[in-house]
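Q: have a look at this fold, sequence not included:
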């Protein structure tokens, strides 16, 4: 119930950061869908650690092994299970931290939640490493959606206060493709360089920075989703907040919209040359009353700065109930947001496919 | 599935704005809990239309009738159903709008979703009126939580750009009580007056404004919730986004936190005089890794400006596929946020009680 | 979770036998479906108490009031809530029994489950009266199915050891219609008279008898359902065992099939004149591996004899923990099975519609 | 949704008979529970093919590999995934059958359900082989239950019409242990020999026989479960019908009880020497109104004769739509029931643990 989501398309994650493997079970995929393993691997690469100078130095090949659900390169209708073996886990990095929870991490809360029995090596089941199998499931969903004319992509809307250009009103799938090919996914390369400078500056001070990811999906049929708690926003939100470090979410004009007037924030309707009902702006983020309007789905997610920093921090010894100071070594990204980009896309693809299957 | 939420505590809403009644079915309440009907009615009053000069002129007594689940003033363990009859619905106000969807409303999407069969009078099932039974369920949950030492409250963090004082690090239950007694729930009354001036100014121009609601809950046991998609943030988000007009949500430092450094955003641990583990700040909003930390739960929700405005707006005729201009009459709040405050509390109380029952 | 079922079609029951009303909430009905209220009332009549000399003397008009989900006689896509007011409840009949649980009833277990707070008047929420709103939901589902060429019916396969003729290999919808029009639903009227003699004989001795209901559904598309715990048998079983007094369930040859050889129990395939794949027998009850085969769905459900009997029975005083003897007065059916027939059909219709919606 | 079950304890099966591996994902296990791997392996042995002369000649070591959820021999609170590699699959046995569905099997329905894409080698995901990971999950649940004083066991109540002695009113855990140690689990050894003669006789004629499994659980707290569709019978039934070849289920007196009088079928209450409320008989199977009564849980499940038989059978060619005759070779049990015994126990243990966790 905790590590799974979805209604007709069910996705469940398992594994611990330093256990034998992490993996995903996906039940409800349509049968007969070809899986492009090369494209899937490329998607996985986007979140893989050790890929650029700023990301964690952990080296994981992240090659999935399919245990079920695929026959001859196509989904066979039964639950798909894929695992990724953990090969480069260094548990010694974490041994000293068992008693002194890291500020901003789930060490303390996991300790309480599982009454001292949690596997806390490398964050255990709560580690960002679990986004690897999440991306795997999402990449499969995205391939199936693309065949139905639904495309999606994401970029870094801001890092350390530096803002990228926002998505245009109707993002082309070529833009999504271009973004997914970049090692640092921004629309405006110059802004991207400035973001990377900020990340480098923080890293140099043994500190970290946060960022905001903007995601869009086009080609969604209008009329998808349900009212209230079954709405598109509700269903996406429930899963997105399961991505580690995600602390804020807004659709369309979101928080800024709360400062606008109704006459500014409403999206006027018009009829295009083909006789289709459309909207002149997209302050609703493609969703009205929980149901898709035909405009692109558009949202932004805020990621906090990586809590693992090299500076001394105040914590406590849980056994001695005394103040302690810790300095985290390990291998950590000074900014999580770039590697969160494919995770946000993965969640979005999986949730949209679930909504599509519901019809 | 759409209009219900919860795992062990199940809450399902039903009814249409201009139908015979709206109501709520609540399954899973602990048995033997006394329901204070007077306190419940006071909670309901906070969202009732026609209460202050700015809110909708619709006059509804909003007195619930309990059909099941209560015997002798106490819950009996079986599903609780309560209904509120609709008495002051004026469907003629909406008759002309059936073919010309209101910008910013769900008229168009509901029309598509139910293939033309939706009851669209007054917004039908998607109307804000459904927050009345939602408040009813939440008020019951809040009474049960209070007996377990868990208190919660909310206020208008901002309206039309005017900001109230934020909640203190550890809000006292007296503050929650004081806020719930105010007809315009703000901490800083002077700011509240300025907000009301802005609302009045927008109303005078047949326009509307949005706002942000901040909500906090104290007394939550640490270790509540689950990782990933079963986390406290995920479960709250899924339900909160079911409140009409809610378009953004952030926990703790949220979007602002994404602009901070890790050294600024992490909450340092300390040991209080009683030997308890605590945190010096609450930028995590009381949740780490989806699990409560013992710090107060803290989040903000952005509400868009009321889409119903009296100014002429561009829409289309769905039958003729031609541009149209509409001017909405009806009775509408120029700012939804004040009446959303109890709805946010209601959702929070219901979700927390569900988490508590899960143990 | 307890009093609700279904995946895309959600059905939730509420109410207590002697409370203000019983009712049902149905979410997920397709929009635009006409509801034939007269046919619905006829379906309800089949389970209504006080209809024949053997059934309970309680007189309830059982006329539903629709609170939501219907506009102009058609479903509007939003949750449908219908209630039936309780008018002829005589709680005094039960007052003395609060401390001395009736053997074979849920008095004792409900007392424990809700820690003494259960409404136990007339069986409270666990009363057979809750099959009234269940029939209401099922009757609506059956109307929708009939429009899609799916028909279903049930009869008393046996009462007190007297067996009716079984359903033929391909029951015609005219047979279902004829059965539903009978006050005592059997295929062979002579057997029905003998059954009624047995019921009268038991009633004369202040005793009761049990019975078996056979149900069939035709026109089901082949390939419906899912493997394992999502299979047609699993989903029907979960709901059927929620009908009070149902203690056994078998599909196709069931328990008798367990005594056959494989060569006797397998259903051989053949090709009919129209080129369709069919089966020469139906020992699988229309389901293979949890998935419909195109043969009629066929199952039997065993109902225990009514536990409320007029003979003295041994019980205990829960307060004094001493043996007691009780003699149940009240108004009770000497055989539940006849009134269970429409409840079995109702469940079957609702579950099939849910499976159909899943596609 | 199809291959998973449970509410707080979630169990999901995956894998195909001739794929790389079969496995199970279990989410919601209490943390800190020791797993006795040797006892677990012994439980698995009871359903392993190739164990006695009557069972399938397929040789599988069935040694699970744990990928997650266990640290240092104890559950760590995160989802537990265990896989069993398939090593002795001979797909050539099935190659010819792809076009000619085996009577009594799910070949035809799986072909329709997944539109021709199902992996049908050895029954694919619908194979009885999936009961291996099911037993694994159940064995873990049974170990946890035993620590809480809850014991369970099952035996062959009948095979080919030969009946074993039924369980006594209060089966001792020693009886359960003795049964689990037998290669042919019956209470009365003489009856067991006669059953085995019948199985051998059927096998000699290239035929098969069915059987009935009786299962009991003791030590269950009274008051467990919920009314209606959340009752103990409903929740067990939903999962039990997911065991391949299970076609009937009855609790307590079941179908026989439907032929009794109420005065015969009711279980009278009494007070034992320790002042506890008990029942003099157990015709209700330990469940009244869906809730446990404190008497042992008791039910019987009917298993059809193995559909795979060596005699020529009538089928059709799906590609040519012509009649065909097939003779199944492969390696098959002439009676499934003995190997179904641990699967029934496994399901029962998992469902009871789920109910216990719900409190």
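A: Great, that's in hand. Just so we're clear, the structure is a prediction, and the values are computed from it rather than from any experiment. Numbering: from 1, shown residues only, chains lettered A, B, ... in the order given.

Q: tell me where the stretch 251-359 of chain A is predicted with low confidence.
A: Across the stretch 251-359 of chain A, residues meeting the criterion (pLDDT under 70) sit at A:330-331.

Q: with the stretch 51-200 of chain A instead?
A: The model of the stretch 51-200 of chain A has pLDDT under 70 over residues A:51-60, A:89-97.

Q: show me the strands in it, by range?
A: Taking DSSP state E, counting those that start in this stretch as the criterion, the stretch 51-200 of chain A carries its strands at A:65-68, A:70-71, A:74-75, A:80-85, A:151-159, A:162-163.

Q: nearest to residue A:46, of these?
A: Distance to residue A:46, taken as Cβ to Cβ, is lowest for strand A:151-159 among the strands of the stretch 51-200 of chain A, at 10.1 Å. Every C-beta, even on glycine, is put in place using the N, C-alpha and C of the backbone.

Q: give the pairing partners of the closest one; include direction for each.
A: If you go by DSSP bridges, strand A:151-159 pairs up with strand A:162-163 (antiparallel), strand A:211-218 (antiparallel).

Q: now the element after the last one, going C-ward?
A: Along the chain past strand A:211-218, the next helix or strand (assigned with DSSP states H and E) turns out to be helix A:232-240.

Q: can you tell if that following helix touches chain B?
A: Yes: Helix A:232-240 is in contact with chain B by Cβ under 8 Å from any Cβ of the partner chain, via A:233, A:234, A:235, A:237, A:238, A:239, A:240.

Q: what of stretch A:244-259?
A: Yes: part of stretch A:244-259 sits near chain B under the criterion Cβ under 8 Å from any Cβ, namely A:244, A:247-255, A:257-259.

Q: narrow those residues to just the buried residues.
A: For the residues of stretch A:244-259 next to chain B, a neighbour count by 16 or more other Cβ atoms under 10 Å in any protein chain shown gives the buried set as A:244, A:247-255, A:257-259.

Q: output those residues as JSON lines; include the columns distance to chain D and secondary structure.
A: Listed next are these as JSON lines, based on distance: Cβ to the nearest Cβ, whole Å; DSSP: H, G, I helix; E, B strand; the rest coil:
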{"residue": "A:244", "distance to chain D": "14", "secondary structure": "coil"}
{"residue": "A:247", "distance to chain D": "22", "secondary structure": "strand"}
{"residue": "A:248", "distance to chain D": "26", "secondary structure": "strand"}
{"residue": "A:249", "distance to chain D": "25", "secondary structure": "strand"}
{"residue": "A:250", "distance to chain D": "30", "secondary structure": "strand"}
{"residue": "A:251", "distance to chain D": "27", "secondary structure": "strand"}
{"residue": "A:252", "distance to chain D": "31", "secondary structure": "coil"}
{"residue": "A:253", "distance to chain D": "36", "secondary structure": "coil"}
{"residue": "A:254", "distance to chain D": "32", "secondary structure": "helix"}
{"residue": "A:255", "distance to chain D": "34", "secondary structure": "helix"}
{"residue": "A:257", "distance to chain D": "36", "secondary structure": "helix"}
{"residue": "A:258", "distance to chain D": "37", "secondary structure": "coil"}
{"residue": "A:259", "distance to chain D": "42", "secondary structure": "coil"}
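
Q: next one: residue A:337 from residue B:213, what distance?
A: Distance, residue A:337 to residue B:213, using Cβ to Cβ, to the nearest Å: 27 Å.

Q: ok and the residue in the stretch 101-250 of chain A nearest chain B?
A: residue A:106 (2.5 Å; Cβ to the nearest Cβ).

Q: chain B contacts on the stretch 1-150 of chain A?
A: Close to chain B, as judged by Cβ under 8 Å from any Cβ, the stretch 1-150 of chain A has residues A:1-5, A:7, A:13, A:101, A:103-106, A:108-110, A:112-113, A:125-126, A:130.

Q: recalculate using a threshold of 10 Å.
A: Within the stretch 1-150 of chain A, the residues that sit near chain B (Cβ under 10 Å from any Cβ of the partner chain) are A:1-7, A:11-13, A:100-115, A:118, A:123-127, A:130, A:134.

Q: show me just the buried residues among those.
A: A:1-7, A:11-13, A:100-114, A:118, A:123-127, A:130, A:134.

Q: just those residues that are near chain D?
A: Answer for those near chain D (Cβ under 10 Å from any Cβ): A:1-4, A:6-7, A:12-13, A:110, A:113-114, A:118, A:124-126, A:130.

Q: just to check, residue A:156 is in contact with residue A:213?
A: Yes: assessed by Cβ atoms under 10 Å, residue A:156 is found in contact with residue A:213 at 6.3 Å.

Q: residues shared between the contacts of these two?
A: Residues within reach of residue A:156 and of residue A:213 at once, by Cβ atoms under 10 Å, 6 or more residues apart in numbering or on different chains, are A:185, A:303, A:337, A:338, A:340, A:341.

Q: how about these, which pair is most distant?
A: Greatest spatial distance in those: A:185 and A:303, 13.5 Å, computed using Cβ to Cβ.

Q: give me the more crowded residue out of those two.
A: More crowded of residue A:185 and residue A:303, by other Cβ atoms under 10 Å in any protein chain shown: residue A:303, with 29 against 22.

Q: that one reaches residue A:159, doesn't it?
A: Yes: the criterion here is Cβ under 10 Å, and residue A:303 meets it with residue A:159 at 9.3 Å.

Q: next, show the common contact partners of those two.
A: A:209, A:210, A:211, A:212, A:213, A:335, A:337, A:338, B:258.

Q: how near is the first one to residue B:264?
A: To tie it back to what came earlier, the one meant is residue A:209. In terms of Cβ to Cβ, residue A:209 sits 10 Å off from residue B:264.

Q: got a PyMOL select line for the buried ones in the residues of helix A:232-240 next to chain B?
A: To isolate the buried members of the residues of helix A:232-240 next to chain B in PyMOL, using 16+ other Cβ under 10 Å:
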select buried, chain A and resi 233+234+235+237+238+239+240
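
Q: the residues of helix A:232-240 next to chain B into a markdown table, with extra columns for distance to residue D:196 and pLDDT?
A: A markdown table is the format used below for the residues of helix A:232-240 next to chain B (distance: Cβ to Cβ, whole Å; pLDDT from 0 to 100):
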| residue | distance to residue D:196 | pLDDT |
| --- | --- | --- |
| A:233 | 62 | 98 |
| A:234 | 57 | 98 |
| A:235 | 54 | 97 |
| A:237 | 59 | 98 |
| A:238 | 54 | 97 |
| A:239 | 53 | 98 |
| A:240 | 58 | 98 |
